[in-house]
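S.K.: quick check, what structure comes out for this input:
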Amino acid sequence: MVKIPVIRTHARGLVTKFFSNPIAKILIALKISPNLITVIGFLVTSYSAYLIAQGDLVLGGSIMFVGAGMDMFDGAVARMTGRESVFGAFFDSVMDRLGEAMTLFGLLAYFVAEGDSNGIYLSFGALTVSMMVSYLRARAEGLSIPGDKGILGRPERVVVLGVTLIVGLPSWGLGIIVGFGLVTILQRGIHVWKNANR
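M.R.: Just a heads-up that it's a prediction; the model follows:
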C-alpha cells in the first residue's frame, strides 16, 4: 500500500517543479521579497475570509486557493535567492496560522448569519483541531522529533475546505477537517510518544 507521506512528497515535488519554481522566478525578477509575498498571501486570504463571511462561498473559496498558493512562492523565492532565515520561517508559520484562523472565522460568521448551529459548532471544532495539529508539529520539532506525520496537514485542509466551499458544501468540509484532524492528532501523538521513548 502506498503511504500518504509518499504521495504527499511526490505531489509537492511535482507542484514545486512545474508551478511554484517558475512563478518564483518571475517574482524574483520583479524583486519581490519572500516576506512581502507572505504578507500579500495573508491579505489575500483575509479578503477571502471576508467574502465567505458575506456568503460568497464560491468566490471566497477560489480566492482562498490563491492566498494559500502564495505560501509556496515565499519559500521558493527564499531558497532560490539564498534568503532563507530563521525569522522568515517563523514569520511564514505565524501568518499561515493567522490566515487559516481568519478563514475559519469567516465561516463562523457565515453560519452565525445563517442561524446554522451545526455549522457554528463545526467551525469552532475545525479551528481547534487545526490549531492543535499545527501545535503538535511545532512542539514535536521543538523536541527534535519530526512532527509532520499524519493524514491531514495544512495543505490537505486547504484543499478540502476550498473544494467544499466552491461546491457549496462547507459543513462537509469542516466535518472532514474535524474528523481526520482528530485522527492526525492521534497519529502525531503516537509518533512523538514512540520517538520520545527510544
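S.K.: where does the prediction get shaky in this protein?
M.R.: 1-19, 198 (pLDDT under 70).
S.K.: which phi and psi does Pro146 have?
M.R.: Per-residue torsions, Pro146: phi -50, psi 130 (degrees, to the nearest 10).
S.K.: need the contact list for the nearest residue to it once chain neighbours are set aside.
M.R.: Residue nearest to Pro146 in three dimensions, not counting chain neighbours: Ala140, with 7.0 Å by CB to CB, 6 or more residues apart in numbering. Where C-beta positions appear, they are placed from N, C-alpha and C, glycine not excepted. By CB atoms under 8 Å, 6 or more residues apart in numbering, the residues touching Ala140 are 146-147, 188, 191-192.
S.K.: quick one: the helices in the protein?
M.R.: For the chain, the helices defined by DSSP state H cover 4-15, 21-29, 34-53, 57-81, 86-114, 117-142, 154-166, 170-196.
S.K.: out of the contacts of Ala140, who's the most crowded?
M.R.: Greatest neighbour count in those, by other CB atoms under 10 Å, goes to Arg188: 24 neighbours.
S.K.: so what's the residue count around Thr184?
M.R.: So Thr184, with other CB under 10 Å, has 24 neighbours.
S.K.: test my guess that it contacts Tyr135.
M.R.: No. Applying CB atoms under 8 Å, one finds Thr184 not in contact with Tyr135, separated by 11.8 Å.
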